[in-house]
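1. One predicted model, sequence on top.
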Amino acid sequence: MLAARAHSGSLAVHLDEIDVPDLGPDEVLIKVVAAGISPGMLRVLEMGRFSHLPSTLGPDGAGTVVAVGSMVDTVNEGDRVRIHPNLNCRNCVHCRSDRDMMCPRLAIMGHGAFGDGPLPLYARYHDGALAEYVRVPDWLIDPLPDRVSFEVGAKVNHLATAARALTCARIAPGATVILTAATGSIGAATVLLANVFGIARLVLVGRNRQRLAAVSALGDGVATDLIATDELPSGWGADGALSRALKALLPHGADAVIDYTPSGPTVAQCAAALSTGGCLVHLGSNADPPPWPLSTVMMNCWTIVGIRGATRNDSDYILALLGSGAVSADTLITHRYRLRDTPEAVRALRERRGDQPMWMVVAKP
């Protein structure tokens, strides 16, 4: 079968012909119909988190069950399913308290290994969904509701991550929220879910006004303001121009900042626009130190929360919303590639040129 793979000593995506995996007694073989693509896969590769190479990329996928192991009684051949990619022990205090992304044995199929010590699940299931078939343990399979497409099913994890960020922001009905990197896949998912979480006003921060305007249309009934950093004065990162623009829009401050930026001064300048008691949620792995001392956090009674993904409960919540029709996410799928064109898709995502939105991208074998 064809698979998009990571190789040792290379930061490129390789297209390989490999064997269809054999099944163990508690495993399921899925014929992939759609698999998610994100530039984060290669960032994790650069970080050295792929401990088994070569490895098939792609933590996000959905498809049809074509074979089940002898002990599997939870799904049947022909079932429509999506893959929950998080490999965790299921027994530690984190796994038993809706914090499974904090499991000390955490790894992600088609992505990286983040836990300490031996990771036997990752050793067997490091291959992801950017292939014609993928082998998955039966406990990582979720039924896909009939009204949910395979393409959306392949991106449930991004929607669930947005739900986790919104939950951690402790948003009360009528809240005002600043959202950074709003035109990325998780940013777009956050805008889509804003109304569900009772947000009354969003301030979207990103580089390009046209792309910001496009994503703002996803926030049904939510008042939205846009700040394009490309339009700020030169040197805005050093002179605080973004903070001043935010404070002009929000003289009483924002209730929360949800930040997805991987680097740069955006998060610190947005945090400066928080109201007393506000909450900053960060998912972006920004290594830049904040410019304010802890005394500022204390005096403003800010809460700062770091998240590194979604839990299984978050995914269940999203599947319930999609399955009931309370939320439709089809418009989030903006680009579709053939599996053999995965390298081109990754390049396009990393460069993001032009004014057209590029929210969620899938590959289809």
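-> Ah, there it is.

2. where does the protein have its least confident helix or strand?
-> The helix or strand of the chain with the lowest confidence, counting by mean pLDDT, DSSP states H and E, is helix 40-46 at a mean of 83.

3. For the next helix or strand after that helix, which outside residues touch it?
-> Counting by DSSP states H and E, the next helix or strand C-terminal to helix 40-46 is strand 55-56. Residues from elsewhere that reach strand 55-56 (Cβ atoms under 8 Å, 6 or more residues apart in numbering): 3-6, 18, 110, 126-131, 134. (Glycine included, C-beta is placed from N, CA and C.)

4. same check, this time on stretch 201-214
-> Contacts of stretch 201-214 (Cβ under 8 Å, 6+ apart): 175-183, 187, 191, 194, 215-216, 219, 222-231, 242, 246, 249-250, 254, 266, 270, 355-357.

5. thinking again about what came up before, pull out the buried members of the contacts of strand 55-56.
-> By neighbour count, with 16 or more other Cβ atoms under 10 Å, those hold Ala3, Ala4, Arg5, Ala6, Gly110, His126, Asp127, Gly128, Ala129, Leu130, Ala131, Val134 as buried.

6. For the least confident helix or strand of the chain, what is the distance to the chain centroid?
-> 13 Å (Cα atoms, centre = their mean, to the nearest Å).

7. related to what we said a few turns ago, could the contacts of strand 55-56 go into TSV alongside distance to Leu119?
-> Output for the contacts of strand 55-56, formatted as TSV (distance: Cβ to Cβ, whole Å):
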residue	distance to Leu119
Ala3	21
Ala4	22
Arg5	19
Ala6	17
Ile18	21
Gly110	14
His126	9
Asp127	14
Gly128	15
Ala129	19
Leu130	21
Ala131	21
Val134	18
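
8. In these, find the pair that's most separated.
-> Put simply, by Cβ to Cβ the two of the contacts of strand 55-56 set farthest apart are Ala6 and Val134, 15.1 Å from each other.

9. and Ser324, how many neighbours?
-> Neighbour count of Ser324, defined by other Cβ atoms under 10 Å: 10.

10. all helices for this protein, in order.
-> Secondary structure of the chain (DSSP state H): helices located at 40-46, 120-125, 150-153, 156-168, 185-193, 209-216, 236-239, 241-249, 266-271, 294-300, 312-324, 342-351.
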